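In: Quick one: sequence and predicted model below, then my questions.
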Amino acid sequence: MNSEIKCGICGEIHHDYPALSFAYPNSYYWLTEEQKNSYKIHIDSDFCTIEYLDRIDRFIRVVLKQKIAESSLYLEYGLWVSLSEEDYEDYVVNFNNKNHETIYFGWLSNALPDYQFEKSIAMDVKTKAGNERPEVYPQLDFSHPFVIDFYHGITKEEAEKRIHNMLSNISQ
């Protein structure tokens, strides 16, 4: 990376691309304060459940690595995906199993600022041995600019613009 990035969180200068992360899934951000107080919500750094009157939404924290075209670099995102009850429970049960490797189906649960999302994007959620956060991959048959960019890459300039925009929003 040609430029240095001053982190809006720690204030230090970084020479590598920082991960762009979302603290919560969009479903949590969209709740009013009244709803946050009336619904049963559990949220920590890896799991989130929101119990509405008629359903429970289940989310896990994941990593998405966006290829930077014409380089060996990636822009990493810390995102949330929703899982079915069965997959969520399997992930919870195996969370500390260092040998657990599987693929779940999930839905992207954060809207990346550089894209318009009319609906969520189907994702393959791949767990990894060694208790690393699962990595996600948009399903190829989903037609959306985000999916195209994921598989074809974005420019280095676009990646740096996204980093600067997200860090400036954090520091405000």
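Out: Noted; the coordinates are in hand. Residues are numbered from 1 along each chain as shown.

In: Centre of the chain to stretch 34-50, how far?
Out: 17 Å (Cα atoms, centre = their mean, to the nearest Å).

In: Okay, buried residues for it please.
Out: 39, 41, 47-48, 50 (16 or more other Cβ atoms under 10 Å). From N, CA and C alone the C-beta is placed, and that goes for glycine too.

In: Same check on stretch 151-166?
Out: 153-154, 156, 158-160, 162-163, 166.

In: Lowest pLDDT pick from those residues?
Out: Among those, residue 166 carries the weakest pLDDT, at 75.

In: what's that one in contact with, if anything?
Out: Each residue near residue 166 by Cβ atoms under 8 Å, 6 or more residues apart in numbering is listed here: 20, 113.

In: is it true that it lies in a helix?
Out: Yes. Counting by DSSP: H, G, I helix; E, B strand; the rest coil, residue 166 is located in a helix.

In: Relative to the whole chain's centre, how far out is the longest strand along the chain?
Out: Determined from DSSP state E, the single longest strand within the chain is strand 56-67. Its chain's C-alpha centre and that of strand 56-67 lie 4 Å apart, by Cα atoms, centre = their mean.

In: again, but for stretch 40-56
Out: That offset, for stretch 40-56, works out to 17 Å (Cα atoms, centre = their mean).

In: quick one on the thing from earlier: for the buried residues of stretch 34-50, give me a markdown table that also has secondary structure and distance to residue 105.
Out: Listed next are these as a markdown table, based on DSSP: H, G, I helix; E, B strand; the rest coil; distance: Cβ to Cβ, whole Å:
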| residue | secondary structure | distance to residue 105 |
| --- | --- | --- |
| 39 | coil | 25 |
| 41 | strand | 24 |
| 47 | strand | 18 |
| 48 | strand | 18 |
| 50 | strand | 19 |
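
In: can you give me the helices in this protein?
Out: 26-29, 33-38, 85-93, 145-152, 156-171 (DSSP state H).

In: Any idea how many residues pack against residue 75?
Out: By the measure other Cβ atoms under 10 Å, the count of residues near residue 75 is 21.

In: so what's it bridging to?
Out: For residue 75, the beta-bridge partners are residue 66 (DSSP bridges).

In: residue contacts, it?
Out: Per Cβ under 8 Å, 6+ apart, neighbours of residue 75: 17, 20, 65-66, 68, 154, 159, 162-163.

In: residues contacting residue 129?
Out: Per Cβ under 8 Å, 6+ apart, neighbours of residue 129: 98-101.

In: go again using 10 Å as the cut-off
Out: Listed by Cβ atoms under 10 Å, 6 or more residues apart in numbering, the contact partners of residue 129 are 97-101.

In: That'll do, ta.
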